[in-house]
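# Predicted coordinates and the sequence they were generated for:
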Amino acid sequence: MFVLQVAWSIYENDQGKNNQLEEEATKFVLQLLAKCDNRPSLVRRILNQIRFPNLITVFYVKLISRALFEETDTVVQSLLVRAIMERIKIEKPHPWGLIFVTNQMKQRKKKLVHLNLA
């Protein structure tokens, strides 16, 4: 529920126009991912929010992209890649956001080569 509240609070008042609030929320969730004891659960909850095109999906797609391609925490990156690949392996239909993130990963795969996914 917390994961949904973060995104909803950003878009509830200003429909995503306040980039500073979005940036602060992104930093907060990324810090939480870095320090959280139960990271796999938080990653699953974030991935549950990228189902169909809406403002919450946009927020979490941006957050995942930033965590994968701009941040340096390889543990979080590995968890995200693993969780995304586990969801892509199952039968279709896949949620819109998951397909979008997977396509981004394919386009920028050179930035993910350094991860140890074993």
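Structure received.
# from here on, contacts and neighbour counts on C-alpha atoms
OK.
# Can you show me the helices along the chain?
Assigned by DSSP state H, the chain shows helices spanning 2-14, 19-35, 39-48, 55-69, 74-89, 96-107.
# Local confidence estimate at the residue nearest to the spatial centre of the chain?
Centroid-nearest residue in the chain, with Cα atoms, centre = their mean: Ile64, separated by 2.8 Å. We have a pLDDT of 90 for Ile64.
# Please report how far it lies from Glu91.
The gap separating Ile64 from Glu91 is 22 Å, by Cα to Cα, to the nearest Å.
# do Val58 as well
Noted for Val58: a distance of 24 Å to Glu91, by Cα to Cα.
# In terms of neighbours, single out the busier of the two.
More neighbours surround Val58 than the other of Val58 and Glu91, with 17 against 7 (other Cα atoms under 10 Å).
# What residues does that one make contact with?
Shown in contact with Val58 (Cα atoms under 8 Å, 6 or more residues apart in numbering): Ile50.
# ok, now Trp96?
50-53.
# Also Ala34?
The contact partners of Ala34, by Cα under 8 Å, 6+ apart, come to 73, 76.
# Next one: the nearest residue to Pro40 once chain neighbours are set aside from Val29, what distance?
Distance criterion Cα to Cα, 6 or more residues apart in numbering; nearest residue to Pro40, sequence neighbours excluded, is Leu79 at 6.8 Å. From Leu79 across to Val29, the span is 15 Å (Cα to Cα).
# And Tyr60, by the same measure?
In this view, Tyr60 and Val29 are 10 Å apart by Cα to Cα.
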